[in-house]
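Participant: pasting the sequence and the predicted model now:
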Amino acid sequence: MDPVSALREVAFWLERQHASTYRVQAYRNAADVVAGLSDIARLKHRRADDWTELTGVGPKTATVIREAFDGVPEYLQSVREEAEPIGRGGRELLEALKGDLHTHSDWSDGGSPIDEMQRTATTMIGHEYLALTDHSPRLTVANGLSAERLHTQLSVVAELNESAQGTRILTGIEVDILDDGSLDQDDGLLAELDIVVASVHSKLRDDRSTMTKRMLRAVENPNVDVLGHCTGRLVTGGRGQRPESTFDAEAVFTACRDYDTAVEINSRPERRDPPSRLIDLALDIGCLFSIDTDAHAPGQLDWLGFGCERAAERGVEPDVVINTWPMDDLLAWTRR
């Protein structure tokens with residue numbers, strides 16, 4: 001087995017099961033070190049068995065490297081076997097998904113480069129497409145992208161799509177819904193993107209009327225494709241708990257239906273957004289959905305099962321989930 005692939009797969013499984021960032025990064029850093037070696041250098045270190053002499057390679061990662069040359073490393077096999085299925089109740093829906101429309105890289109507040117996210121989506125998940133939706137500039141705490149940085153990112157994505165095999169990266173953004181319902185990026189630039197997810201990240205305790213007006217203006221914007229984590233709630237996790245925002249859900253979901261804006265079912269365990277009763281309401285109104293991970297790291301790309309299980313419990317069928325559609329159909333829908 002290629003030692004670089006083995007190290008990266010260990011990092012994936014550890015991240016998927018919420019291991020500490022330090023542990024995950026140790027394997028990912030070691031993979032980068034080995035990937036940077038020439039074939040001759042790899043052979044030299046293999047013969048000398050001095051992998052720990054390399055900066056960034058410790059005893060545990062060295063063992064994975066050493067064993068990979070002869071097959072599947074023991075530790076990799078153990079983390080594979082320990083991995084629990086995610087979302088046991090939504091397997092049919094999960095198998096129908098062709099991509100993920102809400103992910104982040106280290107260009108904003110994600111933990112890994114774009115190519116690492118793409119590589120994982122290809123080798124570990126099997127996605128047809130992956131939308132890169134880093135944050136917009138208003139969210140400075142998340143290193144949101146200015147128009148200039150976003151333009152640069154589009155060039156990087158174009159190069160990756162040209163050179164890489166497998167999952168296609170769709171250009172996108174998670175754009176902030178501002179206080180008045182306008183969007184935190186230039187409309188002309190938003191129109192160039194494949195996928196625009198619009199989310200509220202500020203003043204989440206606005207009164208019901210104010211929040212409804214904000215959200216209505218956003219979902220009616222022709223550039224918006226997906227309404228992200230609509231209540232903003234947090235139900236568990238390191239950031240603590242946060243109550244739902246209050247808004248007229250019937251009015252907002254009706255606008256989503258009428259303006260072809262999908263309602264996101266966010267798969268992050270700490271969000272579980274929307275709540276079940278709001279999934280039911282959106283389904284009754286006739287909304288489309290997007291089941292997304294909101295992944296901030298490669299191992300989180302496998303969290304789709306959480307969202308699929310919740311969607312399946314509420315009776316959401318694959319045909320109303322836009323990321324079950326083939327890429328050409330999806331892009332025809334977002335561009336019309």
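Facilitator: Looks like it arrived, so ask away.

Participant: how about the helix or strand harbouring Arg310: buried residues?
Facilitator: Assigned by DSSP states H and E, Arg310 belongs to helix 304-313. Using 16 or more other Cβ atoms under 10 Å as the test for burial, helix 304-313 gives 304-312. All C-beta spots, glycine's among them, are computed from the backbone N, C-alpha and C.

Participant: quick check: mean pLDDT across the next helix or strand after it?
Facilitator: Scanning forward in sequence from helix 304-313 by DSSP H and E, the next helix or strand is helix 327-335. Summarised as a single mean, pLDDT over helix 327-335 is 97.

Participant: stretch 131-144: end-to-end distance?
Facilitator: In stretch 131-144, first residue to last residue: 16 Å (Cα to Cα, to the nearest Å).

Participant: tell me the mean pLDDT over that stretch?
Facilitator: 95.

Participant: measure how far it is from the centre of its chain, please.
Facilitator: Relative to the chain's own centre, stretch 131-144 is displaced by 13 Å; criterion: Cα atoms, centre = their mean, to the nearest Å.

Participant: likewise stretch 297-305?
Facilitator: Offset of stretch 297-305 from its chain centre (Cα atoms, centre = their mean): 7 Å.

Participant: next: stretch 52-67.
Facilitator: Relative to where its chain is centred, stretch 52-67 has its mean C-alpha point 30 Å off (Cα atoms, centre = their mean).

Participant: before we move on, what about stretch 89-107?
Facilitator: Chain-centre distance of stretch 89-107: 7 Å, with Cα atoms, centre = their mean.

Participant: same question for stretch 307-319.
Facilitator: Counting by Cα atoms, centre = their mean, stretch 307-319 is centred 18 Å from the centre of its parent chain.

Participant: so for it, mean pLDDT?
Facilitator: Per-residue scores along stretch 307-319 average to 97.

Participant: tell me which residues are up against it.
Facilitator: If you take Cβ atoms under 8 Å, 6 or more residues apart in numbering as the criterion, stretch 307-319 is touched by 86-94, 96-97, 265-267, 272, 276, 279-280, 283, 289, 291-293, 321, 324.

Participant: for stretch 110-122, same thing?
Facilitator: 8, 12, 21, 28, 100, 103-107, 127, 130, 132, 134, 153, 156-157, 160, 164-167, 169, 295-299, 301.

Participant: mind listing which of those are in strands?
Facilitator: Among the contacts of stretch 110-122, the ones falling in strands (DSSP state E) are 100, 103, 130, 132, 169.

Participant: which one of those is nearest Leu145?
Facilitator: Taking Cβ to Cβ as the measure, Leu132 is the one of the ones in strands among the contacts of stretch 110-122 closest to Leu145, at 10.4 Å.

Participant: just the buried residues of stretch 279-287, please?
Facilitator: 279, 281-283, 285, 287.

Participant: pick out the most distant pair among these.
Facilitator: Ile279 and Ile285 (10.9 Å).

Participant: what are the boundaries of the helices in the chain?
Facilitator: 3-16, 21-35, 39-48, 59-68, 74-82, 91-96, 114-120, 147-163, 187-192, 208-219, 249-258, 276-285, 304-313, 327-335 (DSSP state H).

Participant: who wins for proximity to Leu178 among the ones you listed?
Facilitator: Across the helices of the chain, the minimum distance to Leu178, taken as Cβ to Cβ, is reached by helix 208-219, at 7.7 Å.

Participant: for the record, mean pLDDT for that closest one?
Facilitator: Helix 208-219 shows a mean pLDDT of 98.

Participant: by contact count, what packs against that helix?
Facilitator: strand 226-227, helix 249-258 (3 or more Cβ pairs under 8 Å, 6 or more residues apart in numbering; DSSP states H and E).

Participant: take those and lay them out in CSV including mean pLDDT.
Facilitator: Output for the helices and strands packed on helix 208-219, formatted as CSV (pLDDT from 0 to 100):
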stretch, mean pLDDT
strand 226-227, 98
helix 249-258, 98
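
Participant: buried deepest among the ones you listed, which one?
Facilitator: strand 226-227 (a mean of 27; mean count of other Cβ atoms under 10 Å).

Participant: how far out from the middle of the chain is it?
Facilitator: 14 Å.

Participant: now do the phi/psi pair for the residue nearest to Arg149 when sequence neighbours are not counted.
Facilitator: Residue nearest to Arg149 in three dimensions, not counting chain neighbours: Trp107, with 7.2 Å by Cβ to Cβ, 6 or more residues apart in numbering. Dihedral pair for Trp107: phi -70, psi -30, per degrees, to the nearest 10.
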